[in-house]
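Enquirer: just a sequence and a predicted model for now, questions to come.
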Amino acid sequence: MSPLAESFFAAAVLAMIVLTATTSLRGFLRRRPDTSQVRGSAMLGPDIRSWYFENLQPLEDALAARSVSATAVTAAQMVLSLGIGLAYAQGWLFLAGWLVLAIGSLDIIDGRLARRTGTASDRGAFLDSVFDRYADTFAYMGLAVYFRDSWMLWTALFTLLGTAMVSYTRARAEALQADCSVGSFQRPERTVVLGFGTMFSVLFDRIAGHWAGLPPDGLLVAVLVVLAVMTNVSAVQRILHVDRELGG
Amino acid sequence: MLDETVGKGWRVAGFFTLMVGSGIVLDTGNLAAGAAVLGLGALLFARGAVAGRRAAAELAPYLGERR
């Protein structure tokens, strides 16, 4: 495909994403559903989360109708996450970004499915957390391979460290019965930022970056730097908070 | 007019497939495979959109709207 055709195609894809998302979100907000029971964060508020849950509902219904267990969904998420790592390593960035979002959604579905079918358990929660760490690691390993010849390799590794520490600090604090409900960059936020950041980076490169002579992957680099900083800031926030909780 | 709650599964599956097709075109440059997946995604999405429109048309008289 010629660069001009690629630009037009990328612009059409961007328009499709924006149009579909805004139309769906406007329809959701017009119905004014009760979102008071949904927990939100500064970045992903209750309305956005409820709208997203509603879009996942058909898949959740289909899995429940076929008696698929929440643990099977959790395991599938981990195995499919290998695909994210491979896609990043291969340089298939748009697909990788889309898989980050799509497979990240399975992390939401397994918990909802467990509660819906009355199968929520400590075992399920443990497996979910452990498999999530594998899934995170596969993605950042793929990014590290993709950026292996540049300084961005260190950013990918630093992000991997941050995501691991965000999880570990919470797990260790909870084991010590300490409160650890701080940190702004948890898994849903990281998934959204990495997924959309990667996809929009590809589209931006094709639509404008190529013609403006900008270096490729500029947006992805920026997103990864933000992730590296924010995940580690969240981890430090948690360390300081738990340290105070435990009398430090 | 579209009833957003009807045919949502098809529309979501269609959108998912459309994104995969777009990724194949953008990342691999394989136009034939990409177009096939995009076509499948468009069909799935259209099925959901038609179901939503039909449901909205059936509901319209009861909502005091014009068909």
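Expert: Thanks, I have the structure now.
Enquirer: Three-state assignment for the residue in chain A that chain B sits nearest to, please.
Expert: Nearest residue of chain A to chain B (Cβ to the nearest Cβ) works out as A:P58 at 3.0 Å. For the C-beta atoms, the positions are set from N, CA and C on the backbone; glycine is no exception. On the three-state scheme (DSSP: H, G, I helix; E, B strand; the rest coil), A:P58 is labelled helix.
Enquirer: what's the burial count for the nearest residue in space to it that is not next to it in sequence?
Expert: Nearest-residue entry for A:P58: B:G9, 3.0 Å, with adjacent residues in sequence omitted and distances by Cβ to Cβ, 6 or more residues apart in numbering or on different chains. Other residues lying near B:G9 total 18 when counted by other Cβ atoms under 10 Å in any protein chain shown.
Enquirer: B:G9 sits in which helix or strand?
Expert: Per DSSP states H and E, B:G9 falls inside helix B:8-23.
Enquirer: which elements pack onto that helix?
Expert: If contacts are counted by 3 or more Cβ pairs under 8 Å, 6 or more residues apart in numbering or on different chains; DSSP states H and E, helix B:8-23 sits against helix A:3-31, helix A:46-65, helix A:93-116, helix B:31-59.
Enquirer: dihedrals phi and psi, the residue nearest the centre of chain A?
Expert: The centre of chain A sits closest to A:T191, judged by Cα atoms, centre = their mean, with a distance of 1.1 Å. Reported as degrees, to the nearest 10, the phi and psi values for A:T191 are phi -60, psi -50.
Enquirer: and it, how far is that from A:S81?
Expert: 11 Å (Cβ to Cβ, to the nearest Å).
Enquirer: equivalent analysis for A:W98, please.
Expert: Noted for A:W98: a distance of 13 Å to A:S81, by Cβ to Cβ.
Enquirer: just after the helix or strand of chain A with the lowest mean pLDDT, pick out the following helix or strand.
Expert: Every helix and strand in chain A was compared by mean pLDDT, DSSP states H and E; the lowest is helix A:210-212, with a mean of 82. Counting by DSSP H and E, the next helix or strand C-terminal to helix A:210-212 is helix A:218-245.
Enquirer: that following helix: which residues count as buried?
Expert: Across helix A:218-245, burial judged by 16 or more other Cβ atoms under 10 Å in any protein chain shown covers A:219-221, A:223-224, A:226-228, A:230-232, A:234-235, A:237-239, A:241-242.
Enquirer: repeat that for stretch B:17-30.
Expert: Those would be B:17-27, for stretch B:17-30 by 16+ other Cβ under 10 Å.
Enquirer: pull the contacting residues for whichever residue of chain B sits closest to chain A.
Expert: Using Cβ to the nearest Cβ, the closest approach of chain B to chain A is made by B:G9 at 3.0 Å. B:G9 sits next to A:58-59, A:61-62, B:48 when contact means Cβ atoms under 8 Å, 6 or more residues apart in numbering or on different chains.
Enquirer: show me where pLDDT drops low in the chain?
Expert: Picking chain A for this. For chain A, the stretches with pLDDT under 70 are A:42, A:248.
Enquirer: wrong chain, I was asking about chain B
Expert: In the prediction, chain B carries residues with pLDDT under 70 at positions B:1-4, B:63-67.
Enquirer: closest to the centroid, which residue in it?
Expert: With Cα atoms, centre = their mean applied to chain B, the nearest residue to centre is B:F45, 1.5 Å.
Enquirer: need the contact list for that residue.
Expert: B:10-11, B:14-15, B:17-18.
Enquirer: and it, how close does it get to A:V13?
Expert: Per Cβ to Cβ, B:F45 is found 14 Å from A:V13.
Enquirer: just A:F204 next, same as before
Expert: Counting by Cβ to Cβ, the separation of A:F204 from A:V13 is 12 Å.
Enquirer: looking at those two, which has the bigger crowd around it?
Expert: A:V13 (24 against 20).
Enquirer: list the contacts of the more buried one.
Expert: With contact set as Cβ under 8 Å, 6+ apart, A:V13 has these partners: A:203, B:22, B:26.
Enquirer: helices or strands up against the helix or strand hosting A:Y88?
Expert: Applying DSSP H and E as the criterion places A:Y88 in helix A:70-90. The contact analysis (3+ Cβ pairs under 8 Å, 6+ apart) places helix A:70-90 against helix A:93-116, helix A:122-146.
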